[in-house]
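Take this sequence and fold it.
(one chain, ligands or ions: 2)
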Amino acid sequence: MELRLYNIRIPFLYPFTTSFGTESARDALILELIDGDITAYSECVTSTNPDYGYEDNQTSIHLIRDVFSPMMKDLPTPQEFNSRGRKIKGDNMARGALEMLLWDYHSKVSGKPLDKFMGGSKDHIEVGLSVGMDTIDKMAGRIEDALKMGYKRIKVKIEKGREKEILGGIRDRYPDIVLTADANSSYTMKDMDLLLSIDQYELQYLEQPLNFDDLVYHSRLAREMSTPICLDESITSPEKAEKAMEIGACSVINIKPGRIGGLTDSLEVTRICREHGGHVWVGGMLETGIGRSFNVAMACNGNVDYPGDTAPNSRYFKKDIVMNPFKMDRGHIKPNTKPGIGVEIDFQEFTRRMESAIRIF
Ligand code: OSB
Ligand code: MG
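Ligands and ions are numbered 1, 2, ... in the order given. The predicted structure is shown next:
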């Protein structure tokens, strides 16, 4: 049995700007587990800098190699690994990468595609697009293309002070589209006037306006605004989801399996959110085709009811490291049908993009 960790760097077609910074390439940590004739893969959603959350690629390499991988040498079920791994306080992204590796492994052993192995019921999912910040003309151009391709909703990144320019500019051009905005924690409660001004743009929801780990002020804000609040960064576990729902901090949750520590806890967060009457969709972290395939499998769950950020990677990369990247047809993506995540690695591209490789065991 072997476990390897690769650092793969793929440049983006164009830089992706959020309120916390600009990324021009995806620096992905890819895990590979070889056991007999089964090879499983997964991807850690961290990047080079700890600006979406506190984890980054370097902290993840340490946690995966020294802390979490010894807990999975006996190839436990993902649920068993989850209960072992949760004894460590935090580091969800590092833990999630190994948890998802076990999902791919065990679904390959069972011969079932991952979405079915997880109990998913959909034969296709609805896809939205996340548009990074840029000049309003460039953003409008990308939205124009996306609408022609049939994306089911448009999410735009915003930051404090640019809400009128971006959301007003888009609403002037597209008064009727399903529009959402993601502030990535750029506002505080001192910005109440700006936040209330966002209500006029009739967003389906406003994603993560306040601090990355806040629930209490989001619950106050949710009572002031007519726009529903969606939480992303703040929802890191089923316990957090339960509390958020209980105090009304959000009515929508963006599930990212990589942020929640994997698929076991993501399924639980989905169930909790729907039980409280909330809406759920599956987000992304600009993953390669490997990480993307876990998000698509998760989105096949019957409780996921809003379109996700599961755009095919041709939006972001010229060439992916998988041979069979997802293709979108009029806003729909079909899950892979081969066992596990169902991706075929493009080894030539993988090697060309590889920056480093570590053998863990
Ligand atoms: O907040 O959803 C986010 C990308 C990097 C970091 C944070 C976020 C995002 C996205 C990208 O919005 C969505 C995608 O992967 O398509
Ligand atoms: Mg977000």
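
ok so residue 70 is a helix residue?
Yes: under DSSP: H, G, I helix; E, B strand; the rest coil, residue 70 falls within a helix.

Break the chain down into its structural domains.
Taking automatic domain parsing as the reference, the chain has its domains at 2-115+344-359, 116-333.

Please measure how far the first residue of the last one sits from its last one.
Think domain 116-333. End-to-end distance of domain 116-333 (CA to CA, to the nearest Å): 15 Å.

average model confidence for that domain?
The average pLDDT within domain 116-333 is 97.

That one vs ligand 1: in contact?
Yes: using CB under 6 Å from any ligand atom, domain 116-333 comes into contact with ligand 1 via 130, 182, 184, 232, 283, 284, 285, 286, 309, 311. No exception for glycine: its C-beta is placed from N, CA and C like everyone else's.

hang on, isn't the third one packed against residue 157?
Yes: under the criterion of CB atoms under 8 Å, residue 184 lies in contact with residue 157, with a separation of 6.9 Å.

Which one of those two is surrounded by more residues?
In this view residue 184 and residue 157 are compared by other CB atoms under 10 Å, and residue 157 has more residues nearby, 23 against 20.

show me the contacts for that one.
17, 18, 19, 130, 131, 132, 133, 181, 182, 183, 184 (CB atoms under 8 Å, 6 or more residues apart in numbering).

Export those residues to a markdown table and append columns for distance to ligand 2.
Listed next are these as a markdown table, based on distance: CB to the ion, whole Å:
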| residue | distance to ligand 2 |
| --- | --- |
| 17 | 13 |
| 18 | 8 |
| 19 | 10 |
| 130 | 8 |
| 131 | 12 |
| 132 | 12 |
| 133 | 13 |
| 181 | 10 |
| 182 | 4 |
| 183 | 8 |
| 184 | 6 |
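
Can you tell me which of those is closest to residue 57?
Nearest to residue 57 among those: residue 18, at 17.5 Å, using CB to CB.

follow-up on the earlier one: spell out which residues are contacts of both of residue 184 and residue 157.
18, 19.

pLDDT on stretch 59-68, on average?
On average, stretch 59-68 scores 98.

tell me how far the ends of it are from each other?
End-to-end distance for stretch 59-68, by CA to CA: 12 Å.

Out of the residues of domain 116-333 next to ligand 1, the closest to ligand 1 would be?
Taking CB to the nearest ligand atom as the measure, ligand 1 lies nearest residue 284 of the residues of domain 116-333 next to ligand 1, at 2.5 Å.

count of residues packed around residue 344?
Applying other CB under 10 Å, we find 11 residues neighbouring residue 344.

In contact with it: list those residues for me.
322, 323, 324, 338.

just checking, what packs against the strand or helix carrying residue 298?
Under the criterion of DSSP states H and E, residue 298 resides in helix 289-299. Here helix 289-299 touches strand 21-35, strand 38-44, helix 92-110, helix 114-117, helix 263-275, strand 279-282, going by 3 or more CB pairs under 8 Å, 6 or more residues apart in numbering; DSSP states H and E.

For the stretch 151-300 of the chain, just list every one of the strands.
154-157, 179-182, 206-207, 229-231, 252-255, 279-282 (DSSP state E, counting those that start in this stretch).
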